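Engineer: Fold the following, please.
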Amino acid sequence: MSGPSAEGLPQDPDVKPTENQHITDTTLTKEADDLLTDEEHRIKQLTELYPRPASFDNDEKGRNPEERANFISTWLFNFMSPVINLGFHRPLGTSDLWTVSKDQNVLNVAPTLDAEWHKCVEEAKAINAAHDEENKALAAQGLPPKHTKKVEPSLMKATTAYSGINIFWLLFYQLLVRAEAICSPLVLEKLLQWLFVGDPVTMPWFVPEEEKWGWIYVVILFIMSSVSNLCNNRFFYVGFHNYAQIRAGINALVYTKSLRIASISEEANNDKKTPAAAGGPPDAAAKGPPARGGLGGSTAQSTGQVVNMMAIDSDKVAMVFYMGLNIIYVPVQIAVLIYLIYEVLGPAIFVGLGIILVFLPIAAIIAGALGNFMRKKLILSDSRVKLTNEILQGIRIVKFYAWEKHFSRELEQVRAKEVEVIGSVNYALAAMRYDLLHCHI
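Structural biologist: Numbers count the residues shown, from 1 in each chain. Model (predicted):
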């Protein structure tokens, strides 16, 4: 094995290692093994006993097992069986997993999402330019300008355009799942009617009396349940893939933008210093327009804000396309189920519906308070991360002037406020769950 020699020079790969080198390597290996704990020794032995299968490697076309799986394996998740089997025998590590698929690789996701974002930016600029031209024309005619709100580029529109086909499949899968949830009770009702045929007291409705209809209803229930489970699993699979893609793409955009902000800020600072160095007035550069291009239109984005954008905001935006699609189907499903229950219970259903309507405003008030608490939490989290970053960057000065207690006290105060707001968030969540629980009851 080639590597640096004792003198620090690279070894010739054709030269065979000497006996002393073998002894040295063996000694180092034994010393490394002595440093391992009992649990690490056990994991190492299991790893040697159950090595990583060769089927986890990419094929000649660079496809991992997930990409080269067939249609049935993809729907039934058979390509995951080797991973589950390996995890049954020993703990899994990162080296046991296969490489990320091409559609999940951030190198492929980020450029596509960035292109959609730039389309939204250019569209917003065109609309704002048209408004400005219209106001100029009105001003030339002596008419008052129109007060139109400035159009901002929409990240939601860009992410929707990026994941268009995934959204279509998610909506389709959810449609089948919701349809099964509505139709299953109807088929079950027909099956019960067939079972109780001949008893006009309990089941007075007309049903077919042939035996085949009972088997037909059972088969229909089995098919509907199977299709619903497959579509539901597929929904979560595609939804999580889309969630990971959007989050990776947004994080890449935020990271790229933060680097651009740092570059613009550095250039702006250099431009301000140039006139003074050349003998000009020191405030000559300060009269120019400030450097722009930040995440919110300026360079005043702190480290804490950038961290929150990548850790929290990107997660919330991506989650909209993962679970937020339920907003489309849930109202329709509720309306259909209320109608079906009304057909069975009659006007008595309006008692329960009235209770739901009473608890909805309470849930809305709690949701508004929860949103306020979350905004306060993000602001305090920004401050804490920013202060921590400043302390770490200037740790030499802090240690030199013995400011540890001062900054530690400041950091503890910010953290105490953040913990207090987190407690309020948890109380609001508990109240909302209590309200929803009573609404269900």
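Engineer: Could you measure from the nearest residue to Gly93 once chain neighbours are set aside over to Ser154?
Structural biologist: In space, and not counting its chain neighbours, Gly93 is closest to Thr47: 7.8 Å by CB to CB, 6 or more residues apart in numbering. Using the backbone N, CA and C atoms, a C-beta is placed for each residue, glycine as well. Separation of Thr47 from Ser154 (CB to CB, to the nearest Å) stands at 49 Å.
Engineer: can you list the weak-confidence ranges in the stretch 101-250 of the chain?
Structural biologist: 197-211 (pLDDT under 70).
Engineer: Is Lys61 part of a helix or strand, or is it coil?
Structural biologist: With DSSP: H, G, I helix; E, B strand; the rest coil as the basis, Lys61 sits in coil.
Engineer: Disregarding flanking residues, what is the spatial nearest neighbour of it?
Structural biologist: Arg68 (7.9 Å).
Engineer: A helix includes the one you found, no?
Structural biologist: No - according to three-state DSSP, Arg68 belongs to no helix; its state is coil.
Engineer: Can you get me a residue count around it?
Structural biologist: 14 (other CB atoms under 10 Å).
Engineer: buried sites along the helix or strand where the residue nearest to Gly93 lies?
Structural biologist: According to DSSP states H and E, Thr47 maps onto helix 38-49. Buried residues in helix 38-49, counted by 16 or more other CB atoms under 10 Å: Thr47.
Engineer: which residue ends up closest to the midpoint of this protein in space?
Structural biologist: In the chain, the C-alpha nearest the mean C-alpha coordinate belongs to Asp315, at 3.6 Å (CA atoms, centre = their mean).
Engineer: which ones are touching that residue?
Structural biologist: By CB atoms under 8 Å, 6 or more residues apart in numbering, the residues touching Asp315 are Arg247.
Engineer: secondary structure element for it?
Structural biologist: helix 314-323.
Engineer: Could you give the separation of that helix from the chain centroid?
Structural biologist: 5 Å (CA atoms, centre = their mean, to the nearest Å).
Engineer: average model confidence for the very next helix or strand once past that helix?
Structural biologist: Later in the chain than helix 314-323, the nearest helix or strand by DSSP H and E is helix 326-345. For helix 326-345, mean pLDDT rounds to 84.
Engineer: Just the buried residues of helix 326-345, please?
Structural biologist: Tyr329, Gln333.
Engineer: Which elements pack onto the helix or strand just after that helix?
Structural biologist: Downstream of helix 326-345, the next assigned helix or strand under DSSP H and E is helix 349-393. Applying 3 or more CB pairs under 8 Å, 6 or more residues apart in numbering; DSSP states H and E, one finds that helix 349-393 makes contact with helix 303-308, helix 326-345, helix 404-440.
Engineer: In a markdown table: these, plus distance to Pro185.
Structural biologist: As requested, these are arranged in a markdown table below (distance: least, CB to CB, whole Å):
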| stretch | distance to Pro185 |
| --- | --- |
| helix 303-308 | 45 |
| helix 326-345 | 7 |
| helix 404-440 | 18 |
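Engineer: quick revisit: would you report the backbone torsion angles of the residue nearest to Lys61?
Structural biologist: Backbone torsions of Arg68, given as degrees, to the nearest 10, read phi -90, psi 10.
Engineer: With Thr148 instead?
Structural biologist: Main-chain torsions, Thr148, degrees, to the nearest 10: phi -100, psi 140.
Engineer: ok, it - how many residues close by?
Structural biologist: 13.
Engineer: repeat for the one 3 residues further on
Structural biologist: Counted with other CB under 10 Å, the neighbours of Val151 add up to 15.
Engineer: and it, how far is that from Cys120?
Structural biologist: 10 Å.
Engineer: Also Gly142?
Structural biologist: 35 Å.
Engineer: Pull up the gap between Lys417 and Leu49, please.
Structural biologist: Per CB to CB, Lys417 is found 52 Å from Leu49.
Engineer: With Glu133 instead?
Structural biologist: Distance, Glu133 to Leu49, using CB to CB: 74 Å.
Engineer: just Leu97 next, same as before
Structural biologist: 19 Å.
Engineer: Over to Glu180?
Structural biologist: Distance from Glu180 to Leu49, counting by CB to CB: 45 Å.
Engineer: for Glu152, same thing?
Structural biologist: Taking CB to CB, one finds Glu152 at 58 Å from Leu49.
Engineer: If you tally nearby residues, what's the number for Gly239?
Structural biologist: Neighbourhood size, Gly239 [other CB under 10 Å]: 22.
Engineer: Was I right to think it contacts Phe321?
Structural biologist: Yes - using CB atoms under 8 Å, Gly239 is in contact with Phe321, at 7.4 Å.
Engineer: residues bridging contact with these two, i.e. touching both?
Structural biologist: Asn166, Leu170.
Engineer: tell me the contacts of the nearest residue in space to Asn326 that is not next to it in sequence?
Structural biologist: Nearest non-adjacent residue to Asn326, counting by CB to CB, 6+ apart: Gln174, 7.3 Å away. Contacts for Gln174 (CB under 8 Å, 6+ apart) come out as Cys231, Phe235, Leu325, Asn326, Ile328, Tyr329.
Engineer: burial count for the third one?
Structural biologist: Put plainly, it is Leu325. 17.
Engineer: i'd like the first residue to be 25 from this point on
Structural biologist: In the new count, where the first residue is 25, that last one comes out as Leu349.
Engineer: Skipping its backbone neighbours, what lies nearest it in space?
Structural biologist: In space, and not counting its chain neighbours, Leu349 is closest to Leu194: 5.6 Å by CB to CB, 6+ apart.
Engineer: Are we agreed that Trp99 is in a strand?
Structural biologist: No - using three-state DSSP, the assignment for Trp99 is helix, not a strand.
Engineer: what pLDDT does it get?
Structural biologist: As predicted, Trp99 sits at a pLDDT of 89.
Engineer: Not counting sequence-adjacent ones, nearest residue to His265?
Structural biologist: Per CB to CB, 6+ apart, closest to His265 is Gln128, 6.8 Å.
Engineer: Repeat that for Ala391.
Structural biologist: Counting by CB to CB, 6+ apart, Met456 is the residue found nearest to Ala391 once chain neighbours are left out, at 6.7 Å.
Engineer: Please spell out which residues along stretch 137-157 are buried.
Structural biologist: For stretch 137-157, burial by neighbour count (16+ other CB under 10 Å) applies to Leu137, Asp138, Glu140, Trp141, Cys144, Ala148, His155.
Engineer: could I get the residues you listed as JSON lines with distance to Leu416 and secondary structure?
Structural biologist: Below are those laid out as JSON lines (distance: CB to CB, whole Å; DSSP: H, G, I helix; E, B strand; the rest coil):
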{"residue": "Leu137", "distance to Leu416": "31", "secondary structure": "helix"}
{"residue": "Asp138", "distance to Leu416": "31", "secondary structure": "helix"}
{"residue": "Glu140", "distance to Leu416": "36", "secondary structure": "helix"}
{"residue": "Trp141", "distance to Leu416": "32", "secondary structure": "helix"}
{"residue": "Cys144", "distance to Leu416": "36", "secondary structure": "helix"}
{"residue": "Ala148", "distance to Leu416": "37", "secondary structure": "helix"}
{"residue": "His155", "distance to Leu416": "45", "secondary structure": "helix"}
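Engineer: Thanks again, I'm all set now.
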